[in-house]
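Peer 1: Predicted model, plus sequence, below.
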Amino acid sequence: MLTAVTSPKFLRAALPGASFAILLAAIFYVQPRAMSYFGLNLMLQYAVPIALATIAQMFIITVNDLDLSIGAFVGLTATIGATLVASTPLLGALALLAAIAAYGALGALVHWRNLPSIVVTLGMSFVWLGVAVLILPTPGGSAPGWVKAIMGLKTPWVPFPVVAALVIGIVVHVFLMMSSYGAVLRGAGGNPRAVSRAGWSLLKIKVIMYSAAGFFGVLSGLSLIGLTSAADAHIADRYTLYAIAGVILGGGEFVGGRVSPFGAVVGALTLTLTGSFLIFLKISPDWQIGAQGAVLIVVLALRALIKRREV
Amino acid sequence: MMPAIRRLSAKPWIWSYLGMTLVWLATTIHSGGTGGAQVLTAALSFATFTVIVGIGQMFVITTGPGNVDLSIPSTISLAGVVAMKVMEGSDDLLVVGLVIALACGLAVGIFNYLLIRILRIPPIIATLSSSFLVLSTAIAYGRGLKIKPPPLLADFTTAQVWGLPILALVVILFAMAMSVLLHRTLYGRSVMAIGQNMRAARLAGIRVERVRFLTYTLSAVLASLTGYLLAGFSGGASLNMGQEYLLASIAVVVIGGTSVAGGRANIPGIWGAAMFLFLLVTMLNTFGASAGIRLILTGVIIIAVITTAGGDEPQR
């Protein structure tokens, strides 16, 4: 029994959940009043868009790429959501579809020319931001009522953000971890050559994964304006870093297609909690990003320790 | 004539200079032939800073796929903020400020390398995580910072002789020295060897880890130098002064003809690419393009350049 619990494999799988639980316990200890439906709802509401952006990043990381444009992309979809989707829903839907298609095309370009994804996505972040600024030069717009209604749902017993995070995790888990094509998609990260020799099109895989990332980017943007009710081109600039950090906190590897949708969602929740924890500890917001970096480094260090025993 | 053209077009850096010239001509023609010289002077001034960080980033990228330093922007901010606060506008502390700024860079570089080495994580993630910490330090340390740079530093970074910025001349000499470092020293050759094939380099007896350590430290130190000079040039440090250098440092390396897959580097191209990027923005400004259009075109051009320069065949 004890050996099973201390085995590297178990520790690895438990790390994301454990980090989240420890952080939550620490928050309850410092601020017992946070231990309520309302408190959790307040602390975790922004976890939903962050979790969606993290899932988007996870799709890209699965195929051994890295997306440095997801924050700008979420910002763009948020501006589209607060303008076109609210005023002319059909046009808005088309614009969002076009944005997803553009993401898929990006995947095709990266594969076709064998380009480093970080340079391409870094360039694209300027394009997304530019389009967003053209659509909405100054902060404003208003979120469509139905988006606000969804994000403001009062679910019984368990706060909405937790339910939403669970649903996101399950849906992606079923698609990526349990379906047979999901195994092929992850295999493309593990051993692209073997997957391609087995007759699967790597081009198609990249397009699918990038499109999926675009789709979840759109969801992230929409859920974000559901909370803020207005948009700005720069609204999600930090999401690029959040998303990468979320995947890592959730136990994802950077290469080899080893990812975990549930882990990624838990990672996003942990990241959101870090911010609340610092506020409860009355630590100046100046250190907020630094604390997130520190959490990241600590988790990576723990994982390095576990890995050493795995060999 | 023809062989000369062929020989020139085989140089990877030639395209950045070609692009720079075209963009400059378009700008000058559009403004009716006036101001061409001033635009070049301004381009030289601003490109200087991009070149310094670009050289550091180039060494990092040359050590192979996956190697990139994402902590450059926050290192620039930290060094600038700390140096300004230490010097408090006094000329007497000019050298002290420089030493402390470079020490910041040294510390960040060592920290980056330790993360990569001890945690065995990809450099992208390591430098990204450390950049969070560095930026937070800069924010916490530099809250409400409005300190003018020492007059001597401000004068040095903005001085010109016959329309040529002195700082740019110094950095051109510096780039030449770095070129010697890259092509003629054991260190530079090792960097390229590691980028071409790390295993082969290790088996050939190159001390791979030491070279990587030096490379990440060099990049961070150059970023801190940029922070120090940039704060003098722009009349003080600000917390987001490094922000634009994330894309710029990578873009000038790629546009300048250095291979993103590592193993092949080139310094003259960095100057051309840095001038090109600045002149591009100037051109779009004179054409009256809005901020949105400017951003879109910058992104599209970078992607277009890397698509044409293209994917090298995978090396492993």
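Peer 2: The structure has been received and is ready for your questions. Residues are numbered from 1 along each chain as shown, chains lettered A, B, ... in the order given.
Peer 1: residue ranges of the helices in the stretch 51-200 of chain B, please?
Peer 2: Per DSSP state H, counting those that start in this stretch, the stretch 51-200 of chain B carries helices over the ranges B:72-87, B:94-118, B:123-141, B:151-158, B:166-184, B:186-196, B:198-203.
Peer 1: is the first one up against chain A anywhere?
Peer 2: No. Helix B:72-87 is not in contact with chain A by CB under 8 Å from any CB of the partner chain; minimum separation 9.2 Å. (Each C-beta comes from the backbone N, C-alpha and C, glycine too.)
Peer 1: buried residues in that helix?
Peer 2: B:72-84, B:86-87 (16 or more other CB atoms under 10 Å in any protein chain shown).
Peer 1: for the third one, same thing?
Peer 2: Neighbour-count burial for helix B:123-141 flags B:123-139 (criterion: 16+ other CB under 10 Å).
Peer 1: One more: the shortest one?
Peer 2: Of all the residues in helix B:198-203, those buried under the rule 16+ other CB under 10 Å are B:198, B:201.
Peer 1: so what secondary structure elements neighbour that helix?
Peer 2: If you count contacts as 3 or more CB pairs under 8 Å, 6 or more residues apart in numbering or on different chains; DSSP states H and E, helix B:198-203 packs onto helix B:186-196, helix B:208-233.
Peer 1: how near is the residue nearest to residue B:146 when sequence neighbours are not counted to residue B:80?
Peer 2: Setting aside the residues directly before and after it, residue B:146 is nearest to residue B:236 in space (CB to CB, 6 or more residues apart in numbering or on different chains), at 6.5 Å. Distance from residue B:236 to residue B:80, counting by CB to CB, to the nearest Å: 8 Å.
Peer 1: repeat for residue A:157
Peer 2: Counting by CB to CB, the gap from residue A:157 to residue B:80 is 51 Å.
Peer 1: re the thing from before, contacting residues for the residue nearest to residue B:146?
Peer 2: Residues near residue B:236 by CB atoms under 8 Å, 6 or more residues apart in numbering or on different chains: B:84, B:145-149.
Peer 1: again with residue A:234
Peer 2: A:75, A:129.
Peer 1: Where does it sit: helix, strand or coil?
Peer 2: coil (DSSP: H, G, I helix; E, B strand; the rest coil).
Peer 1: I'd like to know how far it sits from residue B:187.
Peer 2: 41 Å.
Peer 1: Please identify the most buried of the helices and strands packed on helix B:198-203.
Peer 2: helix B:208-233 (a mean of 25; mean count of other CB atoms under 10 Å in any protein chain shown).
Peer 1: close to chain A, is that helix?
Peer 2: No. Contact of helix B:208-233 with chain A (CB under 8 Å from any CB) is absent, the minimum separation being 15.6 Å.
Peer 1: now, which of the contacts of residue B:236 sits nearest chain A?
Peer 2: Within these, distances to chain A taken as CB to the nearest CB reach their minimum at residue B:145, with 12.2 Å.
Peer 1: Tell me the confidence at the closest one?
Peer 2: Residue B:145 carries a pLDDT value of 67.
Peer 1: same check, this time on residue B:19
Peer 2: Predicted confidence (pLDDT) for residue B:19: 82.
Peer 1: Let me know the secondary structure of residue A:138.
Peer 2: Following three-state DSSP, we place residue A:138 in the coil state.
Peer 1: Hmm, I typed the wrong one, I wanted residue A:155.
Peer 2: coil.
Peer 1: pretty sure it contacts residue A:161?
Peer 2: No. Between residue A:155 and residue A:161 no contact is recorded; they are 9.4 Å apart, counting by CB atoms under 8 Å.
Peer 1: Looking at these two, which one has more neighbours?
Peer 2: More crowded of residue A:155 and residue A:161, by other CB atoms under 10 Å in any protein chain shown: residue A:161, with 25 against 13.
Peer 1: can you tell me how far the more buried one sits from residue A:244?
Peer 2: From residue A:161 over to residue A:244 the distance is 21 Å, taken as CB to CB.
Peer 1: Do me a favour and get the end-to-end distance for stretch B:25-41?
Peer 2: Taking CA to CA, to the nearest Å, the first and last residues of stretch B:25-41 lie 15 Å apart.
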